[in-house]
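Q: What follows is a predicted structure for the sequence shown.
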Amino acid sequence: MVLIYAERSDDELYRQAVAFARALAQAGDVRAVAIGDADGYSPDGCGTALANLVRERAPDIVVAPGTDRGNEALAHVAAELDLPMAANCTAVTPGDPITLTRVRWGGSLLEEARLHGSPAIITVAPHAVAADAVEIEVESIDAAPGMVRVSETVQALSAGVSLTDADVVVSGGRGVGSAEGFAVIEELAELLHAAVGCSRAVTSAGWRPHTDQVGQTGTKVSPSLYIACGISGATQHMAGCKGAKKLLAINPDREASIFASADYAVIGDLHEVVPAISAEIRRSRSG
């Protein structure tokens with residue numbers, strides 16, 4: 001039996017974990033469980049409740065989406081059961097021991113490894129498999145008493161389309177030059193009904209909030225189109241946008257590493273190229 005930790009059962013990454021689990025189970029049993037209230041998440045409380053369930057039901061494999069919370073919850077489970085855990089897996093071959101492939105170094109390499117111990121505790125790398133449309137009933141259980149409790153929840157202030165839901169994302173990097181320089185990025189995003197993203201260098205400079213950051217330590221996105229403006233293509237950033245169906249890169253440096261991953265490339269100054277794209281969109285719509 002394969003047991004799935006359902007962090008958010010309406011989330012695409014959860015549906016990817018379902019597809020991953022069903023492939024592992026083949027014709028076997030797949031169960032999903034949610035722990036407590038998502039808004040009142042407690043890492044140790046969630047991990048203990050899930051570990052107790054594993055002891056009770058003895059699954060062969062425990063799977064979770066490779067989100068911050070999924071990785072954290074299963075790390076607590078592994079610690080409680082004194083078992084190893086494999087994070088961000090892209091493929092698993094059942095056996096004794098299990099053979100797996102997982103993403104390392106922000107997506108710059110794939111590691112082949114063997115995972116000993118039972119049950120196998122695994123998280124699924126975001127966008128490594130296609131989401132599954134099959135509905136699996138999610139059982140809800142209470143979290144165990146934890147040392148960490150949520151005392152208050154503050155909603156992030158946001159306007160427009162969110163990064164996680166956007167079909168198009170327009171991102172800016174260090175090449176934008178300043179907070180004011182994002183005006184051209186925001187203009188194009190508005191015309192495309194897109195979300196605005198940025199690189200870590202931008203948030204470190206204080207030009208945009210961390211909630212706009214795309215990357216290994218930010219949000220992982222999977223839009224139909226990702227437009228990277230003035231972004232060099234560091235491994236950590238590419239780990240956040242590799243789920244995009246198409247990538248358009250705009251950069252004046254023809255040697256920028258992002259071009260190796262781009263489907264479309266424009267070598268030029270974003271402050272000239274991006275306004276020209278916006279102007280052409282307006283012209284075509286008015287014509």
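A: Right, received. Where do you want to start? Predicted model only: the values in this text are computed from it and were never measured.
Q: Just the pLDDT for residue 156.
A: If you check residue 156, the pLDDT there is 59.
Q: which residues are in contact with stretch 161-174?
A: 181-182, 185, 188-189, 192-199, 201-202, 205, 208, 211-212, 214, 219, 221, 223-232, 237, 241, 244, 270 (Cβ atoms under 8 Å, 6 or more residues apart in numbering). (Glycine included, C-beta is placed from N, CA and C.)
Q: Restricted to helices, list those residues.
A: Taking DSSP state H as the definition of helices, these contribute 185, 188-189, 201-202, 237, 241, 270.
Q: Would you map out the domains in the chain?
A: The chain breaks down into these domains under automatic domain parsing: 2-141, 168-286.
Q: next one: the longest one to chain centre, how far?
A: Between the mean C-alpha location of domain 2-141 and the chain-wide mean there is a distance of 15 Å, by Cα atoms, centre = their mean, to the nearest Å.
Q: and the end-to-end length of that domain?
A: 17 Å (Cα to Cα, to the nearest Å).
Q: Over to the shortest one?
A: Terminal residues of domain 168-286 are spaced 22 Å apart (Cα to Cα).
Q: Could you do stretch 249-266 as well?
A: 6 Å.
Q: do the same with stretch 197-212
A: End-to-end distance (Cα to Cα), stretch 197-212: 5 Å.
Q: follow-up on the earlier one: now the contacts of stretch 161-174: which count as buried?
A: Buried members of the contacts of stretch 161-174, counted by 16 or more other Cβ atoms under 10 Å: 181-182, 185, 188-189, 192, 194-199, 201-202, 208, 212, 214, 219, 221, 223, 225-232, 237, 241, 244, 270.
Q: At which residues are the strands of the stretch 1-150 of the chain located?
A: Assigned by DSSP state E, counting those that start in this stretch, the strands in the stretch 1-150 of the chain fall at 2-5, 30-35, 61-65, 85-93, 98-104, 109-115, 120-124, 138-141.
Q: Out of those, the one nearest residue 248 is which?
A: Of all these, it is strand 98-104 that lies closest to residue 248, at 23.8 Å by Cβ to Cβ.
Q: How about residue 191, nearest residue that isn't a chain neighbour?
A: residue 281 (5.0 Å; Cβ to Cβ, 6 or more residues apart in numbering).
Q: shaky segments in the stretch 101-250 of the chain?
A: 106-108, 147, 149-150, 153-160 (pLDDT under 70).
Q: ok, 50 please
A: For the stretch 101-250 of the chain, applying pLDDT under 50 flags no range at all.
Q: who's in contact with the most centrally placed residue in the chain?
A: The residue lying closest to the centre of the chain (Cα atoms, centre = their mean) is residue 220, at 3.5 Å. Neighbouring residues of residue 220 by Cβ under 8 Å, 6+ apart: 126-127, 214, 239-241, 243.
Q: go on, residue 62?
A: 2-5, 50, 54, 74, 77, 119-122.
Q: Could you do residue 17 as well?
A: Per Cβ under 8 Å, 6+ apart, neighbours of residue 17: 4, 63-65, 70, 124.
Q: One more pass at 6 Å, please.
A: Residue 17 sits next to 4, 63, 65, 124 when contact means Cβ atoms under 6 Å, 6 or more residues apart in numbering.
Q: and if you look at residue 226?
A: Residue 226 makes contact with 169, 241, 244, 247 under the criterion Cβ under 6 Å, 6+ apart.
Q: can you check residue 101 too?
A: Residue 101 neighbours (Cβ under 6 Å, 6+ apart): 90-91, 110, 112.
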